[in-house]
Each structure stands twice: as C-alpha cells, then as structure tokens.
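Undergrad: Okay, here's the prediction I keep looking at, along with the sequence it came from:
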Amino acid sequence: MESRICRIFLSGAGPLVALLCLSPASAAEPTEQVVRPEIERRDIREADIDTEDFELGAFFGAMNVEDFGTNPVYGLRLTYHVTENLFTEATYGHTNTSETSFERLSGSAQLLSGDDRKLDYLNLSVGYSLLPGEAFIGSRYAFSTDFYLIAGAGGTRFAGEDNFTWNFGFGYKLLLNDWLAIRLDARDHVFSLDLLGDSQTNHNLEFSGGVSMFF
C-alpha cells in the first residue's frame, strides 16, 4: 500500500517527494548471505588414562649393608595411591651379604655363616609426590614424571635376628603410557645390629631401578 502511494506521488511530484518516499524502511530489502562458512567438524579422542589406584612393581639394584659389603638386591613393591600426591607402599627386598673386613683379615674367623648372611626386609612406607612434571624426548614425545619423597618402618631379618627398621629416601618415576612406569629409587634402611655384644645403629643404603604396572 505504501509503495503504491509513493508511485502516485512520484508520478506528479518533484525530487523532494521522491526522497521522502525512499525511507530506510522501504529501501531495506532482505539480501542473501554471500559468505557461508564451512566448519569442518573433527573427532576428538580423549586420553584413555587408567583410573586404577594400585601399582605393582619389581626392582633390582645394589644394597650396601654396613660392614658387609655392597651386593645385588631385588624385590617387589605394591603401592596404593590414596590421592593424586599421597600414596602408601609395601616393599619386600632380599640380598646376600659378603664377608666383613674383619673376617677377611683374620682368615678363619667367621661372624656369620649360611643363611645368617641373607638379609630380608619388609617395609610399609608413606610417600608424597613433590615435583610432578613432564620429560620430553625430541619434539614428538612427552612423558609424565614424578619426583617423590618416601619414609616408613618395618622389619629386617639378618644375622638370625629380627630388627625393627626405619627407612627413608626419594624416587623418580617416568610413565611410559597409561599403565606402565619406570622407577628409580634411593633408600636408607636404619636398624640396630648386635654381633659382638655391642649394639650398633647401621645405615644401609640401597639404590635400585625397576618397572611397575597400574591396575
């Protein structure tokens, strides 16, 4: 209706009426969108990270039993991750000790013999992840890492005696994937030993490496 009236006025009026009829409302006409963006949708694959809290591992290394030399040590670890940073761990280890310097120098004197030279320990410890991070190999591979502190108590069977033992140390873990990790650990096992009638506190250092699996 409005456009018909404008045509009537335009036919008999001057330029001023024409300008009035060309209002924004009458001039605005719907236009077709020129650019139609094509958004390519891609599939996102979330990381399949295991949520299990248990970790089982085996280790091998060297243990220096004070006065009894440095010898191979091996054992098992079972870890339960309470939180992201806090965990508890049960550890069993075994080593066979060597002769002391006194035994070697005396020739025939033997402080220990047979099974008494075997050392077995079982510890229950608490650990805390202090520096979680990442390790990079080249520009394509990145692995989660963890530096932690650990301490606990347990028992050591050595020289025919059961000895209460403190242990403390630190470790480094590198996760190869969502279920397999490599571990490096350093521990000090502290217990008192009485062989010659004089009780002595021994510091027995252990350095080991191993692998563990999450389940």
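TA: Perfect, I can see it now. Numbering: from 1, shown residues only.

Undergrad: switch to C-alpha atoms for all contacts and neighbour counts from now on
TA: OK.

Undergrad: Number of residues surrounding residue 156?
TA: Other residues within reach of residue 156 by the criterion other CA atoms under 10 Å amount to 23.

Undergrad: Kindly apply the preceding question to residue 93 instead.
TA: By other CA under 10 Å, 19 other residues sit near residue 93.

Undergrad: Adjust the sequence numbering to begin at 409 for everything that follows.
TA: Will do, 409 is the new start, and the previous item becomes residue 501.

Undergrad: so which helix or strand takes in the nearest residue to residue 591 once chain neighbours are set aside?
TA: Spatially, and ignoring its direct neighbours in sequence, residue 591 is nearest to residue 581 (4.5 Å; CA to CA, 6 or more residues apart in numbering). Element membership of residue 581 [criterion: DSSP states H and E] is strand 569-583.

Undergrad: roughly how far out does that strand sit from the chain middle?
TA: 17 Å (CA atoms, centre = their mean, to the nearest Å).

Undergrad: Which secondary structure elements does it sit against?
TA: When contacts are defined as 3 or more CA pairs under 8 Å, 6 or more residues apart in numbering; DSSP states H and E, strand 569-583 packs onto strand 526-545, strand 549-566, strand 588-602.

Undergrad: Let me see the backbone angles for residue 492.
TA: Backbone torsions of residue 492, given as degrees, to the nearest 10, read phi -60, psi -30.

Undergrad: gap between the residue nearest the centre of the chain and residue 598?
TA: Central residue of the chain (CA atoms, centre = their mean): residue 554, 4.3 Å from the mean position. Counting by CA to CA, to the nearest Å, the gap from residue 554 to residue 598 is 25 Å.

Undergrad: before we move on, the earlier item: hmm, who's touching the strand holding residue 581?
TA: Residues outside strand 569-583 that contact it (CA atoms under 8 Å, 6 or more residues apart in numbering): 531, 533, 543, 551-565, 589-601.

Undergrad: what about 7 Å?
TA: 551-565, 589-600 (CA atoms under 7 Å, 6 or more residues apart in numbering).

Undergrad: go on, stretch 603-619?
TA: Under the criterion CA under 7 Å, 6+ apart, residues 465-474, 589-602 lie in contact with stretch 603-619.

Undergrad: Keeping just the C-alphas, turn that stretch into CSV.
TA: The C-alpha trace of stretch 603-619 is given here as CSV (Å, rounded to 0.1, in the frame of the first residue of the first chain):
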residue,chain,number,x,y,z
LEU,A,603,77.1,-59.1,66.7
LEU,A,604,79.9,-58.6,69.2
GLY,A,605,77.9,-57.7,72.3
ASP,A,606,77.8,-54.0,71.3
SER,A,607,74.6,-52.7,69.7
GLN,A,608,75.4,-50.5,66.7
THR,A,609,73.0,-48.5,64.5
ASN,A,610,73.6,-49.3,60.9
HIS,A,611,72.8,-47.2,57.8
ASN,A,612,72.3,-49.5,54.8
LEU,A,613,72.0,-47.7,51.5
GLU,A,614,70.0,-49.1,48.6
PHE,A,615,69.9,-47.9,45.0
SER,A,616,67.5,-49.6,42.6
GLY,A,617,65.6,-49.4,39.4
GLY,A,618,62.6,-51.2,38.1
VAL,A,619,59.3,-51.2,36.3
